[in-house]
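Trainee: pasting the sequence and the predicted coordinates here, then a few questions.
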Amino acid sequence: QVQLVESGGGSVQAGGSLRLSCAASGYPYRSYCMGWLRRAPGKEREGVATIDSAGSTSYADSVKGRFTISKDNAKNLLYLQMNSLKPADTAMYSCAADSRWRPHCGFPMDYWGKGTLVNISS
């Protein structure tokens, strides 16, 4: 059974940084797309970043240049480095993973975790 467990959320001031981690178990980690999505209070869920099996990445316009998605295949960990954080980045962040190969990563994916809360104060 696939399990995705996020960690690393917290409260920081605007301009600060956080690194989120996602531990994947029961999953062919190297094979398919993975990503991060978020849901801000009162808003729809938003795809933030994706990474494919070759390490190619894509980002939402709202986070380009500030967020970096990466993974450590040896440790089965997915990361989201978030810099220059803004109050608008406040949300529940969840990692997600596909169960099949596809040519271009995107959302929705097939599995997702419960999330970790990020709160940015001005």
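Mentor: In hand now; what should we look at? Numbering: from 1, shown residues only.
Trainee: next, count neighbours for Glu46.
Mentor: 15 (other C-beta atoms under 10 Å). Quick note: C-beta positions are derived from backbone N, CA and C, even for glycine.
Trainee: meant to ask about Ile120, not that
Mentor: Going by other C-beta under 10 Å, the residues that sit close to Ile120 add up to 20.
Trainee: quick one: it and Leu85 touch, right?
Mentor: Yes: assessed by C-beta atoms under 8 Å, Ile120 is found in contact with Leu85 at 4.8 Å.
Trainee: shared neighbours, these two?
Mentor: Counting by C-beta atoms under 8 Å, 6 or more residues apart in numbering, the contacts common to Ile120 and Leu85 are Val12, Ala14, Gly16.
Trainee: tell me the contacts of Gly115?
Mentor: Counted by C-beta under 8 Å, 6+ apart, Gly115 has contacts Glu6, Gly9, Arg39, Met92, Tyr93, Ser94.
Trainee: okay, and which of those residues map to strands?
Mentor: In strands, defined here by DSSP state E, the members of the contacts of Gly115 are Glu6, Arg39, Met92, Tyr93, Ser94.
Trainee: pLDDT added to those residues, as TSV?
Mentor: Formatted as TSV, those follow (pLDDT from 0 to 100):
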residue	pLDDT
Glu6	98
Arg39	97
Met92	98
Tyr93	98
Ser94	98
